[in-house]
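In: Kindly generate the corresponding structure for this input.
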Amino acid sequence: MLVWMIYLVGEFNLTSPLVAVFIFGFATAFEFGIVRQVGKRGAPAAVHVVPSVPASTVAPIPDTVNAPATPLAERARAPVAVSRSAPELTEDVLWTTALAELEEGRRQSATWARSFAAADGDEAKAKAAYVRERAHQMQEDVAAAKQAAAAEQEAITKAAERRVAEATKRFTEGNRITQDEIMILVNASRKNPSLTSLTDRIRGNTLLHLCARYGLHEEALTLLGNGSNPNAGNGNGERPFDLAPPDTPPGPALRNLLK
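Out: A predicted model of the protein is given here:
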């Protein structure tokens with residue numbers, strides 16, 4: 001615009017200073033007030049370039065929605081759970097359970113596949129074969145569970161017998177035994193009443209003497225019920241009655257029990 005105004009001054013010989021100043025001011029205002037402002041508004045926004053990342057370095061996101069489900073045939077066959085408090089799982093119960101699996105659509109895929117293949121695609125024969133095999137599988141599961149339970153019970157019994165033997169040895173040799181060991185021997189006397197007549201070889205105390213000393217009322221009652229002698233004296237001639245505290249509970253109740 002400024003160039004255009006200069007051209008007009010020269011073309012039409014507009015030599016008046018006032019006119020020249022006016023034209024020059026108008027051109028300058030037009031240039032900075034309109035033309036350049038419009039240019040700023042129309043300028044394109046700055047573009048920030050983000051460096052590209054190679055696709056090989058980006059870990060793929062697993063498709064958990066459309067991923068294929070694990071085939072049932074690949075899942076392990078669930079064994080039959082056997083509870084100690086559950087009723088006996090008879091052969092009839094196992095056959096009925098196998099049939100219910102098939103009828104309710106809960107069949108084991110691997111077992112069904114074997115049955116279907118063995119029946120050459122005959123569905124009726126495959127169903128019969130499936131029920132027969134599943135009943136056999138469950139029988140094996142029950143037998144294995146019973147065997148495991150028996151082994152566990154045997155381990156528990158042996159551990160209890162070992163604790164009784166250790167407590168018996170410590171007591172008869174004259175060692176001071178704990179209240180827990182006393183309770184172990186008292187509980188064992190229910191099956192082995194001969195334990196009620198044990199005495200320690202140093203002091204001559206019986207288990208009933210120790211129950212009186214430690215205020216074990218229920219244990220003393222158990223020993224008496226299993227045949228312990230309340231009148232047996234120890235090496236000092238003391239009866240269990242004499243070792244029970246006369247004033248501190250449960251001493252008075254024990255003394256009444258051991259009279």
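In: Next SSE downstream of the helix or strand of the chain with the lowest mean pLDDT?
Out: Ranked by mean pLDDT, DSSP states H and E, the weakest helix or strand in the chain is helix 36-42, scoring a mean of 49. Counting by DSSP states H and E, the next helix or strand C-terminal to helix 36-42 is helix 91-103.
In: Now do the helix or strand that that following helix is followed by and helix 91-103, the angle between them.
Out: Under the assignment DSSP H and E, the closest C-terminal helix or strand after helix 91-103 is helix 109-118. Computed by axes from the mean of the first three to the mean of the last three CA atoms, to 10 degrees, the angle separating helix 109-118 from helix 91-103 equals 80 degrees.
In: what angle separates the helix or strand just after helix 109-118 from helix 109-118?
Out: Under the assignment DSSP H and E, the closest C-terminal helix or strand after helix 109-118 is helix 123-172. Following the same axes, to 10 degrees, one obtains 140 degrees for the angle between helix 123-172 and helix 109-118.
In: where does the protein have low pLDDT?
Out: Residues of the chain meeting the criterion pLDDT under 70: 1-88.
In: From the recorded domain assignment, give the ranges for it.
Out: Domain ranges of the chain: 90-172, 174-257, per automatic domain parsing.
In: Kindly reformat those as TSV containing mean neighbour count.
Out: Placement of C-beta: from N, CA and C, glycine included. Formatted as TSV, these follow (neighbours: other CB atoms under 10 Å):
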stretch	mean neighbour count
domain 90-172	14
domain 174-257	17
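In: Alpha carbons only: can I get the helix or strand harbouring E219 in CSV?
Out: Element membership for E219, per DSSP H and E: helix 217-225. C-alpha atoms of helix 217-225 as CSV (Å, rounded to 0.1, in the frame of the first residue of the first chain):
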residue,chain,number,x,y,z
HIS,A,217,-9.7,-80.1,88.3
GLU,A,218,-11.1,-81.5,85.1
GLU,A,219,-7.9,-83.6,84.5
ALA,A,220,-8.1,-84.9,88.0
LEU,A,221,-11.7,-85.9,87.4
THR,A,222,-10.7,-87.7,84.3
LEU,A,223,-7.9,-89.7,86.0
LEU,A,224,-10.3,-90.7,88.8
GLY,A,225,-12.8,-91.9,86.2
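In: Which elements pack onto it?
Out: Judged by 3 or more CB pairs under 8 Å, 6 or more residues apart in numbering; DSSP states H and E, helix 217-225 is in contact with helix 179-188, helix 207-214, helix 251-257.
In: Pull the residues that contact that helix.
Out: 182-183, 186-187, 189-190, 196, 207-208, 211-212, 230, 240, 250, 253-254, 257-258 (CB atoms under 8 Å, 6 or more residues apart in numbering).
In: Need the CA coordinates for the helix or strand just after that helix. PDB is fine.
Out: Per DSSP H and E, helix 217-225 leads on to helix 240-243 as the next helix or strand towards the C-terminus. C-alpha atoms of helix 240-243 as PDB (Å, rounded to 0.1, in the frame of the first residue of the first chain):
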ATOM      1  CA  PRO A 240      -3.000 -85.900  96.100                       C
ATOM      2  CA  PHE A 241      -5.400 -84.300  98.600                       C
ATOM      3  CA  ASP A 242      -2.500 -82.900 100.500                       C
ATOM      4  CA  LEU A 243      -1.000 -81.100  97.500                       C
END
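In: Can you tell me which of the helices and strands packed on helix 217-225 is nearest to G235?
Out: helix 207-214 (10.3 Å; CB to CB).
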